[in-house]
Every structure is written in structure tokens, then in C-alpha cells.
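Visitor: I'd like to go over a predicted model; first the sequence, then the structure.
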Amino acid sequence: MDFYEAVNKRSSIRDFAEEAIPEETIKRIIEAAYKAPTNDHFRDWHFIVVTDKSLMAEVLSGVPKDLTVKDVDKMTFISDPVQKESYQVAVPKQYSMLINAAAVIIPLMKKKVDILHPADLSHLNCFASVWCSIENLWLAATAEGYGCNLRIPWGNEEEAARKATGFPEEYMIPCFIGIGRPAENAKRTKQLVPDMGKQLHWQKF
């Protein structure tokens, strides 16, 4: 699969076939993550790959299991109908899309600064860099024929994952990534297509 085909095929997958991913394939996908740009050149990210279902349940014990479409109606920031339809698919599957994946990948980044209270934008460089690696991982997974989803930890979710896997306090989780072979009936939400005539600017806005 060439690069642009992978980019165009990449989408959030929340329904998976019951199929394991070979260890060598996972290694190759994560190696692609390490090719991403990094603000300090160290690429001191770590990735925990969880395939054992009992451990996966411990890792995800903080993720809500009872969200419904009705919870989407309470989200006042949603106004666009395509966005709302996407959330109606995604929100009720926040737990199942991870626990039913072939693997949950946990990226880790060092807490070099307080990214929740940055003094300026440069304090977010480490956070921006790890997300570049996550995009590389996602595209590599797509190129290998797999699909991904992600959830940003909320509440006690990070602490539950830390307790289950034992990663040090100086690291934080930017997101959980579910990865696996897409199910034949996997729901793919509509994508908003940008208007390049209006959103691409040459020289000036």
C-alpha cells in the first residue's frame, strides 16, 4: 500500500475481527512511530502492548462501559449533524472498541512540563511530538491492513492503567490505542470533507 492510499484509507475502527496480530507486525508498526519528528531528538517515548485479555480488562477498568447515544445528546458542543452521527457511533463503544481489539497499545511520554498549564506554546512541544508518533503508528497499522481507534484518558483511567502495567509516575498516557483487523461489518463514520477552495490559502489568508 503506498503512502497516499494509507492516508486515504485511515479511519477510526471500533469493531474488530477475532484475529491476533503477529508480534513482528506490531514491532514494525511501532518502529514507524519512532520515525516521527520529536522536539528534543531523544524520542524517549515508550509503548506498552497489551494482548492478554485479563490484563487488558485491568488496564481499561477506569473506562466507562455504560455510555449510550443519549449521552451524546447532552454534549452541547456538538452542532454539526455529521459530527453528531460520528459521536453517536463512537461514544457507546468507548469500552468495547478497546477490550475487543487484538491489542491495546499504550504510548507513554515523560512529564517534562505541566502540559495542562503551559507557560507558552513551546511547553507543549513534547506533547505535540508524541502525537506525531501516534499518527505514524496509525498510518503504519493501516498500511498493514489493520485499523485503530483511540481514547484520551479521563478521570482515574490513567491511574488504573498505571496500576495494571506498572509504568513509572514520571510518564503519562496521551491516549489508549485499540488495534486489530477490522470486522467485515465495522461501522465507518462519515468524514467531513474540507473545502480546499476556502481552507487552503496561498501567500495570505
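Guide: Thanks, I have it. This one's a predicted model, so the numbers in the text were calculated from it and none came from an experiment.

Visitor: got the phi/psi numbers for G178?
Guide: Backbone torsions for G178, taken as degrees, to the nearest 10, come to phi -90, psi 130.

Visitor: meant to ask about V89
Guide: phi -80, psi -40.

Visitor: do the same with G180
Guide: Backbone geometry at G180, expressed as degrees, to the nearest 10, gives phi 180, psi 180.

Visitor: can you map out the strands along this protein?
Guide: 46-50, 103-110, 147-151, 171-172, 176-180 (DSSP state E).

Visitor: Just the angle for the third one relative to strand 176-180, thanks.
Guide: Inter-element angle recorded for strand 147-151 and strand 176-180: 160 degrees (by axes from the mean of the first three to the mean of the last three Cα atoms, to 10 degrees).

Visitor: Report the mean confidence score over strand 147-151.
Guide: Averaged over strand 147-151, pLDDT sits at 98.

Visitor: same thing with stretch 194-205?
Guide: Stretch 194-205 comes out at a mean pLDDT of 96.

Visitor: Name the residues that touch stretch 159-167?
Guide: Residues from elsewhere that reach stretch 159-167 (Cβ atoms under 8 Å, 6 or more residues apart in numbering): 46, 48, 50, 55, 58-62, 106, 108, 153, 169, 173, 176. Every residue, glycine included, has its C-beta placed from N, CA and C.

Visitor: Now with 6 Å, please.
Guide: I48, E58, V59, S61, G62, L108 (Cβ atoms under 6 Å, 6 or more residues apart in numbering).

Visitor: What residues of that stretch count as buried?
Guide: A160, A161, R162, A164, F167 (16 or more other Cβ atoms under 10 Å).

Visitor: Nearest the middle, which residue of this protein would you pick?
Guide: L150 (2.8 Å; Cα atoms, centre = their mean).

Visitor: who's that residue bridged to?
Guide: Following DSSP bridges, L150 is listed with bridge partners I177.

Visitor: ok, back up a step: what's the closest of the strands of the chain to P22?
Guide: Judged by Cβ to Cβ, the one of the strands of the chain that comes nearest to P22 is strand 103-110, at 10.9 Å.
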